[in-house]
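Novice: here is a sequence with its predicted model. Questions after.
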Amino acid sequence: MADIIETKSDVEETVPAHTYPKLSILQCLGLGSGGIPDIGMQYAMKNMANPIFNVIYGVDPVLIGIAFSLPRFWEILIDPWIGALSDRTHGKMGRRHPYMIWGGIFGFLTFAMVWFVPKGMSATMAGWWLIAFALAHFTAYSFFMVPYSALLGEVSTVPSERMKAMSFRTAFVSVGTFLMGWIYWLCQRDCFENTAEGMKYVGIGFGLLLLLGSVLPVFVCKENRKYHAVAEKGEEKLKEFAVLKELWALKSFRGILLAIFCLLTCSLLVSNLGFYISLCYMFGGDTKAVAVLGGISATINSTAVIFFCPVVNYCAKKLGEKPTLYLFMIIAMIGYILTFWAATPEHPYWAIYTGILGNFGMTAFWVIMPALTGELGREHEKETGHSIYGSFYAMYGMAIKIGASVGLLFTGVILNMTGYHASHGIAQPESTIFMMRVLNTVVPTVGMLVAMYFIYTSLHRVKKA
């Protein structure tokens, strides 16, 4: 097929009469609401694992790292199967909706139950409890996310409309980020006996929000089944991993996958350090102050992302996707570098401003990259007659999960390498705190640079041989 990426997202084309070229606000809101379980099912359990399982139950950080890397490797294996299964499903509810509903239901149950650690359980057994529930939770996430991503990519044949859908989804991701930011604060309220007890009730409430976000796209935005019921006989001949090999051969798509892998690996590798820098360095062990900072930061940054989305769309139309990505990723790197000086005991809230710069770059990345993936899926369908958006987004998701798996696998190792010991409490050595701050700045900056390299070398017009 022609491996082509348009340089500007507003390039329109003649759209067949049976497609949905124009998305209504209701459709965009319905599609976008899936952004809450998208971000929530990925990170809410992980974000609260260290404050609950490490600080309270004494689980080794290495075991916690395994708990959130092992499921991502499992997802890498099942995502191609889920994508192909979704592509081949033809029923009254369409191809995507049944899996989204079941994924949401089991995502709610696993997130709510993981915090109910049996009394008297040892730290090691609590770690295995976390691993078991994390494995089930991320399996549910795959059953929701792969079909949901495919639905976003195939909802319109017009690039600018897909960009609009991705922007709404990114805006709802910011809503989910805001809600996650206050979980730690909520579970420390005086109405609860302790933080662990509070997390049980907060976990049920947040789990219900995950379920709501999973089913709203199903009921508000129906699939265009006529358009997607194409080449059924040909689709059945496609084998999951043969398709993945074919997709990997596309240079532009390969660039997307490698950029995602590098960015996520480096970001998540040091993702736990911010909590310990706040707890041991900026606030001297005051967990409530740490929770307030996290909540305020999430509120400001998630609100900012909502305003960033139309800015990203505007710049992509005027400048093109690649220049827009470069611009905002450079802004993000500036934010990462300034964090070293901003995150201090004297001015702890300055870190919020550097976080805004980082989110500016990440907003552009997560709006433009999936939209480009949808464009490649459309080109593939035009060339082959096979509608395999599920396989495109399964592989897109695999890049996310491989990057996340590699990063999360070594989060505990990185924490221990800085010299951190839970037995020291907040009295960590100065050298440990300094190493945490350096790694928290340098590693995500390097990830951005490498991702930009793959974007520069791969995302350009490649003419058909």
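Specialist: Nice, I can see it. Numbering: from 1, shown residues only.

Novice: in the helix or strand Met125 falls within, which residues are buried?
Specialist: Assigned by DSSP states H and E, Met125 belongs to helix 123-154. Residues of helix 123-154 classed as buried: 126-127, 129-131, 133-154 (neighbour count, 16 or more other CB atoms under 10 Å). C-beta: built from backbone N, CA, C; applies to glycine.

Novice: all helices for the stretch 101-250 of the chain, in order.
Specialist: 123-154, 159-181, 183-186, 195-220, 225-228, 232-237, 240-248 (DSSP state H, counting those that start in this stretch).

Novice: so for Val446, which of the ones you listed sits nearest?
Specialist: Of all the helices of the stretch 101-250 of the chain, helix 159-181 sits nearest to Val446, with 23.5 Å by CB to CB.

Novice: report the distance from the closest one to the chain centre.
Specialist: 11 Å (CA atoms, centre = their mean, to the nearest Å).

Novice: same check on stretch 420-428?
Specialist: On CA atoms, centre = their mean, the centre of stretch 420-428 falls 31 Å from the chain's centre.

Novice: make 56 the first number, not 1, from now on.
Specialist: Sure, I'll start counting at 56 from here, so that last one is stretch 475-483.

Novice: that one: end-to-end distance?
Specialist: 7 Å (CA to CA, to the nearest Å).

Novice: what comes into contact with that stretch?
Specialist: Residues from elsewhere that reach stretch 475-483 (CB atoms under 8 Å, 6 or more residues apart in numbering): 109-110, 113, 116, 331, 334-336, 339-340, 474, 487, 491.

Novice: rerun that using 6 Å as the cut-off
Specialist: Cys335, Gly340, Thr487 (CB atoms under 6 Å, 6 or more residues apart in numbering).

Novice: contacts only, for Gly231.
Specialist: Per CB under 6 Å, 6+ apart, neighbours of Gly231: Ile91, Ile94, Gly95.

Novice: which SSE is the first one in?
Specialist: It stands for Ile91. Assigned by DSSP H and E, Ile91 falls in helix 90-104.

Novice: for whatever helix or strand comes next after that helix, buried residues please.
Specialist: Once the chain leaves helix 90-104, the next helix or strand it forms, by DSSP H and E, is helix 116-143. Within helix 116-143, the residues scored as buried using 16+ other CB under 10 Å are 116-131, 133-135, 137-142.

Novice: do the same with stretch 77-95
Specialist: Under 16+ other CB under 10 Å, the buried positions of stretch 77-95 are 78, 82-95.

Novice: what does it contact?
Specialist: Identification of contacts with stretch 77-95 by CB under 6 Å, 6+ apart yields 199, 203, 211, 216, 220, 223-224, 227-228, 231-232, 265, 268-269, 271-272, 275-276.

Novice: please redo it, this time with the cut-off set to 7 Å
Specialist: 159, 162, 199-200, 203, 207, 210-211, 216, 219-220, 223-228, 230-232, 235, 261, 264-265, 268-269, 271-272, 275-276 (CB atoms under 7 Å, 6 or more residues apart in numbering).

Novice: now Leu348: how far from Phe223?
Specialist: Distance of Leu348 to Phe223, given as CB to CB, to the nearest Å: 29 Å.
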